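Engineer: Build me a structure from this.
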Amino acid sequence: MFSTKKTILIVEDTVSNIDIALGILNEYDTIVATSGEEALAILEEESVDLILLDIVMPGIDGFEVCKRVKKNPALHRIPIVFI
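Structural biologist: Residues are numbered from 1 along each chain as shown. Presented below is the predicted three-dimensional model:
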């Protein structure tokens, strides 16, 4: 039987929070971005099924990342959960 794992983009700038998320989500394919800018660049190249998004980050914060994702027709259907 063919099984595909869902891909989750974790956008978080705190290492301990990244480690916790990776431990919990070990059954999924995960991609980590440590800034809003990095997350947006990853989304241009990778297909993801869910975004776990930190709100408070240096540079582009989570609210701005969310706005940009939701304005992009290619990305707007990706669910976003703020962490």
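Engineer: the strands in this structure, which residues?
Structural biologist: Here the chain has its strands, by DSSP state E, at 7-11, 29-33, 50-53, 80-82.
Engineer: want to throw the ones you listed into CSV with mean neighbour count?
Structural biologist: Using the backbone N, CA and C atoms, a C-beta is placed for each residue, glycine as well. Putting the strands of the chain into CSV (neighbours: other C-beta atoms under 10 Å) gives the following:
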stretch, mean neighbour count
strand 7-11, 22
strand 29-33, 18
strand 50-53, 21
strand 80-82, 12
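Engineer: Which one of those lies nearest to residue 21?
Structural biologist: Closest approach to residue 21 among the strands of the chain (C-beta to C-beta): strand 7-11, 5.0 Å.
Engineer: In contact with the residue nearest to residue 49 when sequence neighbours are not counted, which residues?
Structural biologist: Sequence neighbours aside, residue 6 is the residue nearest to residue 49 in space, at 4.2 Å (criterion: C-beta to C-beta, 6 or more residues apart in numbering). By C-beta atoms under 8 Å, 6 or more residues apart in numbering, the contact list for residue 6 reads 28-29, 49-50.
Engineer: Look up how far residue 61 lies from the closest residue to residue 33 other than its chain neighbours.
Structural biologist: Setting aside the residues directly before and after it, residue 33 is nearest to residue 39 in space (C-beta to C-beta, 6+ apart), at 3.9 Å. Going from residue 39 to residue 61 by C-beta to C-beta, to the nearest Å gives 11 Å.
Engineer: residues in contact with stretch 10-22?
Structural biologist: Contacts of stretch 10-22 (C-beta under 8 Å, 6+ apart): 25, 30-36, 38-39, 51-54, 57-58, 62, 65, 83.
Engineer: Show me the two of the contacts of residue 6 that sit farthest apart.
Structural biologist: 29 and 50 (10.8 Å).
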